[in-house]
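> show me how the following folds:
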Amino acid sequence: MVLDRYIAKTVIAGCILASFVMLSIFVFVDFIAQLDDVGKGNYGALQAIIYVLLNLPQLLYELSPSILLLGGILSLGTLAANSELIVMRASGISTLRITRSVLQTGLLLAILVALLGEYIAPSASREAKTYRAQTIEKKLIVGGSADVWARDGNRFINVKRILPDQTLRNIYLYELDENRQLNSISYAERAQYLNKEWVLSNIKRSELSSSGVKASFEKKMILKRLILLELFTVLELESKDMSASELLTYSQYLQDNNLDSAEYLLSFWIKVFTPLTCLAMLMIAMPIVFATTPRSGGAGQRIVLAIVIGIVYFVFNRSFNHLGMAMNITPLLSASAPLILVTVISLYYLRRVN
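The predicted structure follows:
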């Protein structure tokens, strides 16, 4: 329908403008924060800019609820300022019908946010971390978006995944002899740093010689050195850097090993509810715009109100999440309660709009 396409175009344009404004502010803040590390290793101002730009998808994902709120206020506020909403309602189009058109667009944007958080943001965040580590720690070589390479004498180590509890997954060890020729290749499913040594599990080893290849399998192997522990401070995955599927898998791994998984379960449910939160924040914009007229206040007033609401929601959401962890509240409830509250408030005020 023409109305749906027109509203969709207006809302998307408002969200693009809001993205540009908010990302510009936060990118500048992130760049200033990186200046403390400029000068370490090969990490200069240009590298700091590249690092910040690589973090853009993660930043966009984290800001998406606020962006949709501000974008909804900007786009629908423009319609209100031009009396277009009044004309629509005067021509017999109900508030519910306009709201439905807006939420249809919001659903499309929410799906894009979900895809961004599941596939693009985690990979980009890892790329940013490994790039930053490479320029600060000269011993690091990054061989892909997630692989980490390190060297220890004649041994080269390739780690496919670094988990938050100082656990390495899918490790390849390449050992050279005195003539710099490949001597052996080893693969370990997992490595953990325990009691000041690395414990490798399920190792498949292939020794190369002039007579051929000799394969062997070991259940456990202990190494005094593998990779620098300092690298964990710059390379380890935080819960916010992981996709929903990774968070769920890792939470199950922690539960199977009788470890605390609350933080990762909470992050998982936050990932699940973030797209729905975007819809809820767009719903907040509806009563704000419908309750105003061209005479009742300008765009500045609506924008300030959107910023205040966004800040209040952000603080309340984070506080409730941390409070839930401290009080052992179910992660599902901790993650969903702020969303439910915002949805109920939005529906209440939408019903009051005439």
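
> does the closest residue to Arg169 other than its chain neighbours belong to a helix, a strand or coil?
Excluding its sequence neighbours, the residue lying closest to Arg169 (C-beta to C-beta, 6 or more residues apart in numbering) is Arg161, at 4.1 Å. No exception for glycine: its C-beta is placed from N, CA and C like everyone else's. Following DSSP: H, G, I helix; E, B strand; the rest coil, the label given to Arg161 is strand.

> ditto for Asn179
Classification of Asn179 using three-state DSSP returns coil.

> that one: how many residues sit nearby?
Asn179 has 6 neighbouring residues, counting by other C-beta atoms under 10 Å.

> for this structure, what spans make up the helices?
In the chain, the segments counted as helices under DSSP state H are 2-34, 45-54, 56-81, 84-90, 95-115, 121-136, 232-235, 244-256, 262-290, 299-326, 331-352.

> export those to CSV and tack on mean neighbour count and mean pLDDT?
Output for these, formatted as CSV (neighbours: other C-beta atoms under 10 Å; pLDDT from 0 to 100):
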stretch, mean neighbour count, mean pLDDT
helix 2-34, 16, 92
helix 45-54, 17, 94
helix 56-81, 24, 89
helix 84-90, 15, 82
helix 95-115, 18, 92
helix 121-136, 22, 84
helix 232-235, 15, 55
helix 244-256, 17, 83
helix 262-290, 23, 89
helix 299-326, 15, 79
helix 331-352, 17, 86
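
> the residue nearest to Arg169 against Tyr172, yeah?
No - applying C-beta atoms under 8 Å, one finds Arg161 not in contact with Tyr172, separated by 11.9 Å.

> residue contacts, the residue nearest to Met283 when sequence neighbours are not counted?
Nearest residue to Met283, sequence neighbours excluded (C-beta to C-beta, 6+ apart): Ser346, at 3.8 Å. Ser346 is in contact with 280, 283-284, 286-287, counting by C-beta atoms under 8 Å, 6 or more residues apart in numbering.

> now the helices of the chain in JSON lines, with distance to Trp149?
Shown next, in JSON lines, are the helices of the chain (distance: least, C-beta to C-beta, whole Å):
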{"stretch": "helix 2-34", "distance to Trp149": "24"}
{"stretch": "helix 45-54", "distance to Trp149": "19"}
{"stretch": "helix 56-81", "distance to Trp149": "23"}
{"stretch": "helix 84-90", "distance to Trp149": "58"}
{"stretch": "helix 95-115", "distance to Trp149": "30"}
{"stretch": "helix 121-136", "distance to Trp149": "9"}
{"stretch": "helix 232-235", "distance to Trp149": "12"}
{"stretch": "helix 244-256", "distance to Trp149": "22"}
{"stretch": "helix 262-290", "distance to Trp149": "27"}
{"stretch": "helix 299-326", "distance to Trp149": "35"}
{"stretch": "helix 331-352", "distance to Trp149": "35"}
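
> and those helices: which comes nearest Ser201?
With C-beta to C-beta as the measure, helix 244-256 is the member of these nearest Ser201 (13.4 Å).

> and the contacts of that closest one?
With C-beta under 8 Å, 6+ apart, helix 244-256 has contacts from 117-118, 122, 163, 239, 242, 260-261, 264-265, 267-268, 271-272.
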